[in-house]
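Asks: turn this into a model:
(one chain, ligands or ions: 1)
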Amino acid sequence: MYGNAYIDPNDKAAAMLAGEDPQKLDAFEKRIAAGEKIEPKDWMPREYRKQLIRMIEQHAHSEIIGALPEGTWITRAPGFRRKLALMAKVQDEVGHAQLLYSAAETLGKSREAMINDLITGKSKYSNVFNYPAFTWADACIIAWLIDAGAIINQVANAKGSYGPYCRALDRICTEESFHLKYGHDNVVTLATGTQKQREMVQGALTRWWPPIMHFFGPSDKISNHTEILMRWKVKMASNDDMRQQFLNMYVPKIWDLGLVLPDPNLKKNDAGIWEYTEPDWEEFKKVINGGGPCNAERLAVRRNAEERGRWVREALNTSESKYIVPLA
Ligand code: FAQ
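Replies: Here you go, the predicted structure:
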């Protein structure tokens, strides 16, 4: 019961739900427990709405910012076939952002407000896209392993409770599975290629491993939102569980290619749990709060796109003929 009654200050969930109508809250939680989807016009606690906006918005930002490190490789991808495939992938990622912004809009935050929060640095987006893609192999590692991580997260969360987000995730996962195959094919080509190609892909893997370990979010011991998000089936597994799933599926594939992971403590123990060196959470915090190697550059690109596209948005939103050239 979380109405206006006495709230234990140590009970985080109770504090978040203070002031909610206990009967409505109870009915809402019963629907979630029964596996029903919550739709935009349904009653929902303020905290559920707030958490969903935060998470879906950050996810949408990650997709458009995520298009940037790979996008710079379109003109330099080796061969016409790979250029075409990369162009299609980047286009898909931007399309994912469109789906996700639309899903977040159903909760009452406008797209303009979301974009504004991104370009002013108020909103977060995935840590991984704040690192540079130095070589073609970096773009290949992103397409294989970042997409793999994204699929693990999104296939699970597509079974969650908020209808518009789950439907967007279903569509996104289908497209991501093509990206994963494309990324895997590129990495296999490099790992089974010349000495120079093998060194290039090994270098990229070594650079990307720490950000990939961070990608699933802080360890469960220090995650802020997992408890309430799992209670409401927005997140269907904890950060550590998703990280374990990723390690279980991809470490053997990486080792099969003869590649080396830069963690001497990485091993599967007798209980089937992957052990690893604790990721550097201070570095993670620095990067997600604007201090990574590419944060300033990524936001500058988005700000520029926003400025340069202003006249198009104005033209679409106006009924005046300022932008229409009269026919002679
Ligand atoms: N990066 O309490 P938790 C993709 C923040 S899509 C940055 O554990 P939560 C496709 C978190 O926001 C990739 N920040 O948070 C693609 C919170 O800060 P706040 C994106 C992170 O929400 C591929 C604080 O840390 N995917 O890659 C990260 O319960 C290739 C405390 O953390 C999604 O967004 C991070 N990695 O769990 C595109 C999926 N992790 O808000 C192009 C949906 C945590 O309190 C090329 N999101 N933080 O200031 C989720 O599943 C969850 O939000 C987690 C984090 C699992 C990311």
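
Asks: next secondary structure after the lengthiest helix in the chain?
Replies: For the chain, the longest helix by residue count, based on DSSP state H, is helix 163-191. Of the helices and strands lying after helix 163-191 in sequence (DSSP states H and E), the nearest is helix 195-215.

Asks: report the buried residues of the helix or strand just after that next one.
Replies: Sequence order places helix 226-231 as the next helix or strand after helix 195-215, per DSSP H and E. Buried residues in helix 226-231, counting neighbours by 16 or more other C-beta atoms under 10 Å, are found at 226, 228, 229, 230. For every residue, glycine as well, the C-beta is placed using N, CA and C.

Asks: reformat those residues as TSV; add distance to the ligand and pLDDT.
Replies: Below are the buried residues of helix 226-231 laid out as TSV (distance: C-beta to the nearest ligand atom, whole Å; pLDDT from 0 to 100):
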residue	distance to the ligand	pLDDT
226	5	96
228	9	95
229	5	97
230	9	97
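
Asks: looking at those residues, which is nearest residue 162?
Replies: Checking the buried residues of helix 226-231 against residue 162 with C-beta to C-beta, the nearest one is residue 229 at 10.7 Å.

Asks: who in the stretch 151-300 of the chain is up against the ligand?
Replies: 153, 214-218, 223-226, 229, 235, 239, 288 (C-beta under 6 Å from any ligand atom).

Asks: next, the angle from the longest helix of the chain to helix 195-215.
Replies: Helix 163-191 runs at 150 degrees relative to helix 195-215, counting by axes from the mean of the first three to the mean of the last three C-alpha atoms, to 10 degrees.

Asks: buried set for helix 163-191?
Replies: Under the neighbour-count criterion of 16+ other C-beta under 10 Å, helix 163-191 has 163-166, 168-169, 172-173, 175-176, 179-180, 182-184, 186-188, 190-191 buried.

Asks: mean confidence (pLDDT) on it, please.
Replies: Mean per-residue pLDDT for helix 163-191: 97.

Asks: in contact with the residue nearest to the spatial centre of the chain, which residues?
Replies: Centroid check for the chain by C-alpha atoms, centre = their mean gives residue 59 as the closest residue, at 4.4 Å. Residues near residue 59 by C-beta atoms under 8 Å, 6 or more residues apart in numbering: residue 100.

Asks: after the helix or strand where it lies, heading C-terminal, what element do we hit next?
Replies: According to DSSP H and E, residue 59 maps onto helix 46-71. Counting by DSSP H and E, the next helix or strand C-terminal to helix 46-71 is helix 80-105.
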